[in-house]
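> Pasting the sequence and the predicted model now:
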Amino acid sequence: MAESKPKQGLVQVYTGNGKGKTTAALGLAVRMAGQGGRVIIIQFLKGGSPTGEQKFIEKYRPFEIIKLNRGNALKQSLEELKPTTERTFALALAAVSRGEYDLVILDEILVAAARGLVSTSELLELVAHKPPAVELVLTGRAATPEIIARADLVTEMREIKHPSAKGIKARRGIEY
């Protein structure tokens, strides 16, 4: 029987202006859970209405998903986002350093860093506290050169064409 836990956990980054960063991370979460691994997704700068993935995870419980922000992050000021982001980051640091999960996904943490809500040095410190067997995924636009240099795998989603250019609004079940 195949081993469910990776022997060596790496650091993966999904970044860029294109669509699909969270979707790629969720695919990895499903794969790990399917192999019997323990998974947690911690969402930064998400909020507002529950997304399809949140509804699915809360209904079927294949793994944990945590989102502390209850407002719409796109409409909140940095001052409004700062306290929740700090609590979310503390939770993320604990989840990574304890080593109880095989896969930890920090969704939109790179946006939090780009907006100055988490410093690059704090994020690098979190990565440094990662136990060797934990796979860590960081998602969001604008990964810094320091994060890219530290990561083992970096995928950049590049927008070539998007339906929003034709005035097509975000669609339930596709974009959220």
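Looks like it came in fine. In this text, all values refer to a predicted model and were calculated from it rather than measured experimentally. Numbering: from 1, shown residues only.

> Can you tell me, leaving aside adjacent residues, what's nearest to R158?
G18 (4.9 Å; C-beta to C-beta, 6 or more residues apart in numbering). Just so you know, the C-beta spots here come from the backbone N, C-alpha and C atoms, and that holds for glycine as well.

> Could you name the specific helix or strand carrying that neighbour?
Counting by DSSP states H and E, no helix or strand carries G18.

> Quick one: residues contacting it.
G18 sits next to 156-160 when contact means C-beta atoms under 8 Å, 6 or more residues apart in numbering.

> What subset of those residues is buried?
By neighbour count, with 16 or more other C-beta atoms under 10 Å, these hold M157 as buried.

> Dump the contacts of G18 to a markdown table, plus secondary structure, distance to L110 and pLDDT.
Listed next are those as a markdown table, based on DSSP: H, G, I helix; E, B strand; the rest coil; distance: C-beta to C-beta, whole Å; pLDDT from 0 to 100:
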| residue | secondary structure | distance to L110 | pLDDT |
| --- | --- | --- | --- |
| E156 | strand | 11 | 98 |
| M157 | coil | 12 | 97 |
| R158 | coil | 15 | 96 |
| E159 | coil | 16 | 93 |
| I160 | coil | 21 | 93 |
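
> circling back: tell me the backbone dihedrals of the residue nearest to R158, please.
phi -80, psi 170 (degrees, to the nearest 10).

> Which residues are in contact with the residue nearest the centre of the chain?
When C-alpha atoms, centre = their mean is applied to the chain, the residue found nearest the centroid is D107 (1.6 Å). Going by C-beta under 8 Å, 6+ apart, D107 touches 22, 25, 41-44, 46, 139-140.
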